[in-house]
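Peer 1: Structure of the sequence below:
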Amino acid sequence: MSLPLIAVVGRPNVGKSTFVNRIVQGQDAIVHASSGVTRDRSYHRADWNGVEFMLVDTGGIEFTADDAFGPSIRAQAVTAAEQADIVVFLVDGKSGIAPGDEDVAKLLKRSGATVFLVVNKADNPGNFDMIHEFWGLGLGQPWGVSALHGHGTGDLLDEIVSALPESEPEPEIDAINVAIIGRPNAGKSSLFNRLLGVERSIVSDVAGTTRDALDTLLERDGVAYRLVDTAGLRRKSQIDEEVEYYSFVRAMRAIDRADVAVLVVDSPLGITDQDQRVARFAAERGCAIVVVLNKWDIVPGPEDKLEVSATVPEKLGFIGFAPVLRVSALTGTAIGKVLPAIKQAYDSFTQTIPTSGLNKWLTDVRATGHTVSHQGKALRLSYVTQTGVKPPVFTFFANHPQLVDDGFERYLENRIRENFDLTGTPIRLRFRKKA
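Peer 2: Here you go, the predicted model:
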């Protein structure tokens, strides 16, 4: 049984993300003084007195906003409220009732949802005057809290938890963690939604639309995937706003806990320095990688397509192990290849090769006579065994391990990949002194 769902809604900049962070006791939701920072709905697991639930942080609901994202943000927030068991309607106690609060209240009344009206920024616990006027919204008792300092949140949670439907703890699902990464506006959210078959992330032509990292479980052909749509990664020197920096950190966290990183490239633009940088982030952290050349349908002609394809080994040669797919997230062309490629990369990422097979391969390598030597000392590899997974780690025992240079290490990696299917995963080679 899934966990109960609590959606936090309200106008922009009333403190929804601060409230979410207070409840989950972390910094999962991006908090900033600017309005409109939270755009998509993001999910956060929390508990109170042993009762677990999911908290949904939503974008600010505005009805007269000039922001191009206004309608999408409102639709996301409304969807979260419709799916929730309980809605926390957050208002700003310092500013009093605003026209936008009345509009949201009307929307929630029509929805028939169980609503807790929460007056935030009640930083002085003894000052109840600021709370009374919110009775006028017609949503019952207003609850005064300070999300910043924590005042009143305990009493509120006691009431919310008592109103939740009973549920069993959600079992831990053995899923492949997949981070969808890439430069801003490469089509990550479009790919994310196409894989899910639903509008889960806001899709826009404006770069930098996705700021939070969003987790969604998907099951296909008996395999569970935990997809994370991340904010586009830019150079640190180009991250001018604090919000952009927080999004960069969130995306890096998503890569840190990913099994497989799906690098989405804007094909008409070709592979850029930023694409290379993003790929290095994933490679350095040991993720399996799948490269998706998105928007393939609008690459002009055969010659242009050939040129883009030719740049892949040239510019992404350091992740030459990654399969390359040519797709269109917008039209759905070749999207059916993405999940199988992720599964194949994950299988390689977790693969264990028998020691007997490795040493048979090593015998063949030694027979070629290819080795390195220095000052009269010649390297001889005696034995190899796999000592780790995620990614695979191979440890070689040698007479003079200090002789191994980058060129010989690359030679061994290439020979391993020729003999064992390690598509999609990096590998690590270790060299130790033979006892």
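
Peer 1: need the helices for this protein, in chain order.
Peer 2: 16-24, 70-83, 99-111, 129-132, 153-163, 188-196, 242-256, 273-284, 302-315, 338-349, 355-367, 406-419 (DSSP state H).

Peer 1: so where is the stretch 1-150 of the chain shaky, pLDDT-wise?
Peer 2: Within the stretch 1-150 of the chain, the ranges that satisfy pLDDT under 70 run 1-2, 26-43, 59-60, 62-81, 125-129.

Peer 1: can you rerun that using 90?
Peer 2: 1-47, 49-85, 93-96, 98-114, 121-133, 147-150 (pLDDT under 90).

Peer 1: Give me the pLDDT for the spatially most distant residue from the centre of the chain.
Peer 2: Here the centre of the chain is the reference, and by CA atoms, centre = their mean the most remote residue is residue 376, at 51.5 Å. Looking at residue 376, its pLDDT stands at 85.

Peer 1: what does residue 243 give?
Peer 2: pLDDT for residue 243: 40.

Peer 1: For the residue farthest from the centre of the chain, give its distance to residue 400.
Peer 2: Noted for residue 376: a distance of 11 Å to residue 400, by CB to CB, to the nearest Å. To be clear about C-beta, it is placed using only N, CA and C from the backbone, and glycine gets the same treatment.

Peer 1: swap in residue 357?
Peer 2: The gap separating residue 357 from residue 400 is 25 Å, by CB to CB.

Peer 1: so what are the domain limits for this structure?
Peer 2: Taking automatic domain parsing as the criterion, the chain consists of the domains 5-163, 176-349, 355-433.

Peer 1: just how off-centre is the second one within its chain?
Peer 2: So that's domain 176-349. Mean-position distance between domain 176-349 and its chain equals 10 Å (CA atoms, centre = their mean, to the nearest Å).

Peer 1: ok, now how distant is the closest residue to residue 174 other than its chain neighbours from residue 262?
Peer 2: Of all residues not flanking residue 174 in the chain, residue 224 sits nearest, at 6.6 Å (CB to CB, 6 or more residues apart in numbering). The spacing between residue 224 and residue 262, counted by CB to CB, is 16 Å.

Peer 1: which of the two has more neighbours?
Peer 2: Per other CB atoms under 10 Å, whichever of residue 224 and residue 262 has more neighbours is residue 262, with 29 against 12.

Peer 1: can you pull the contacts of the more buried one?
Peer 2: 178, 179, 180, 181, 191, 289, 290, 292, 338, 342 (CB atoms under 8 Å, 6 or more residues apart in numbering).
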